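> When you get a sec, could you give me coordinates for this:
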Amino acid sequence: MEFFKLAFDTLVVGVLALPWLAVLVRMFAPGIFSDEPRKNFPVLTALPEHTRDAVASALIVAMGYLLGSAVSRVSSDFFDDEFWGHLPTESSIRESVYAIEYCGPENVFAAAKLPAELSHSPAPTALCSEKSPGLIGEPGVIQEYFHRQEAQLLLAGGEKNARLKEFHDQIVVLRGAAMNGLLLFIFCIFGYCAEGRRGLMWRNIRKPALFLPAWTLVLYGVWSLWVHFEKFGTFSYSDPPLAELVLVVTGIVGLLADSQEEHPRFYRNACLLALVVCVIAYGGWWWTEVIYDQQVIHSFHTLPLTASGT
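Have a look, this model is predicted:
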């Protein structure tokens with residue numbers, strides 16, 4: 001039971017990945033599951049009968065943790081990538097929160113200074129610029145300052161940071177839910193287009209046009225990969241292009257998608273449901289990121305050890 005407490009948010013994200021996995025199975029291998037449960041997992045039949053339930057439960061938990069861990073990491077990179085433009089990302093949200101808290105008209109931390117090791121000069125520099133109020137240095141410095149504050153709060157003890165941990169867990173779940181909802185929405189769009197190519201709908205639209213969503217993702221993903229490597233010059237192990245690869249891979253799935261669906265409205269209805277879930281989860285993640293950053297700032301400045309650390 002202790003494992004489930006520690007990995008609860010990861011398992012929740014893994015469970016939320018099951019709908020788009022089911023859509024992929026339904027799209028590419030509709031006959032993979034049999035009506036007889038024993039034929040669905042033939043490996044289990046080689047085990048003694050009294051151990052099958054325990055092994056099956058362990059496999060389900062392991063699969064949920066695997067999916068949850070992978071989606072959580074990918075979503076962390078996906079919703080903080082450059083290709084989002086002016087849409088809210090983790091970095092842009094944090095920079096905005098720090099600008100308001102430290103440089104806003106009603107701030108209480110106007111006198112806060114950057115630690116010397118985080119500034120570009122030997123002496124500490126102010127977070128706010130006198131010439132441009134509201135602007136606070138380089139984004140990398142702001143991120144480094146946030147991680148310093150967060151680390152000192154974590155070192156203060158677990159009981160004092162229960163609320164911070166709650167907000168952090170919510171961020172992981174909501175961000176993972178938004179990622180799963182987006183993948184489900186994209187795959188349902190591909191299924192919807194595949195139905196159109198079979199002639200179940202959109203009879204007046206030419207088939208090449210129904211490949212447009214998939215080709216858009218592939219081309220945009222390839223362009224984002226080129227921009228990513230152009231930015232670093234060489235491959236950077238500290239910043240893998242996960243988000244860009246997700247775009248390319250999902251686009252390829254759309255090009256290969258084939259519909260065997262007997263009910264033409266299935267993908268349309270699932271697409272609308274996924275869109276609603278994705279928007280709600282994304283909005284919840286956005287606001288929770290704001291609250292979490294505010295909690296880190298205010299909690300940090302209440303610690304006695306920060307008197308000489310700012």
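> going forward, measure contacts between C-alpha atoms and count neighbours the same way
Noted.
> packing partners for whichever strand or helix holds M63?
Taking DSSP states H and E as the criterion, M63 maps to helix 49-78. With contacts taken as 3 or more Cα pairs under 8 Å, 6 or more residues apart in numbering; DSSP states H and E, helix 49-78 sits against helix 8-16, helix 162-197, helix 242-256.
> Okay, buried residues for that helix please.
Of the residues in helix 49-78, those buried by neighbour count under the rule 16 or more other Cα atoms under 10 Å are 61, 64-69, 71-72, 74-78.
> mean confidence score for it?
Helix 49-78 shows an average pLDDT of 85 in the prediction.
> so after that helix, what's the next helix or strand?
Next along the chain after helix 49-78, taking DSSP H and E as the criterion, comes helix 90-103.
> Quick one: distance of that next one to the chain centre.
20 Å (Cα atoms, centre = their mean, to the nearest Å).
> next helix or strand past that helix?
Next element after helix 90-103 (DSSP H and E): helix 139-155.
> Give me the distance between the residue nearest the centre of the chain and A209.
Taking Cα atoms, centre = their mean, the centroid of the chain lies closest to S75, which sits 1.9 Å from it. For S75, the distance to A209 equals 30 Å [Cα to Cα, to the nearest Å].
> Over to C188?
17 Å.
> who's more crowded, the two?
Neighbour count, other Cα atoms under 10 Å: between C188 and A209, C188 has more, with 25 against 12.
> so which of the buried residues of helix 49-78 comes closest to R94?
S76 (14.0 Å; Cα to Cα).
> Show me where the stretch 201-310 of the chain dips below the pLDDT cut-off.
201-206, 232-236, 261-262, 264, 304-310 (pLDDT under 70).
> At which residues are the helices of it located?
Along the stretch 201-310 of the chain, the segments classed as helices by DSSP state H, counting those that start in this stretch run 212-232, 242-256, 265-300.
> V173: which of these is closest?
helix 265-300 (8.4 Å).
> The closest one - contacts with which helices or strands?
Applying 3+ Cα pairs under 8 Å, 6+ apart, we find helix 265-300 packed against helix 90-103, helix 139-155, helix 162-197.
> Okay, buried residues for it please.
Residues of helix 265-300 classed as buried: 267-268, 270-271, 274-275, 277-278, 280-286, 288-297, 299-300 (neighbour count, 16+ other Cα under 10 Å).
> between it and helix 162-197, how big is the angle?
160 degrees (axes from the mean of the first three to the mean of the last three Cα atoms, to 10 degrees).
> next one: helix 265-300 to chain centre, how far?
10 Å.
> go on, stretch 297-306?
With Cα atoms, centre = their mean, you get 29 Å for stretch 297-306.
> which residues are contacting it?
Q149, E150, Q152, L153, A307 (Cα atoms under 8 Å, 6 or more residues apart in numbering).
> what about the fourth one, neighbour count?
Counted by other Cα under 10 Å, the residues lying close to L153 total 22.
> quick one, what contacts it?
N161, V296, S299, F300.
> from memory the second one sits against Q149, does it?
Yep, that's V296 we're talking about. Yes. Contact criterion Cα atoms under 8 Å: V296 and Q149 qualify, at 6.9 Å.
> re the thing from before, and which of the buried residues of helix 49-78 is nearest S238?
For the buried residues of helix 49-78, the nearest to S238 is D77 (11.5 Å; Cα to Cα).
> pretty sure the closest one is touching L242, no?
Yes. Applying Cα under 8 Å, one finds D77 in contact with L242, separated by 6.7 Å.
> Now do the same contact list for S224.
By Cα under 8 Å, 6+ apart, the residues touching S224 are F83, E244.
> Would you quantify the distance from it to I186?
S224 is 18 Å from I186, by Cα to Cα.
> before we move on, the earlier item: of the buried residues of helix 49-78, which is the nearest to M27?
L67 (19.6 Å).
> Quick check: closest non-adjacent residue to the closest one.
G14 (4.7 Å; Cα to Cα, 6 or more residues apart in numbering).
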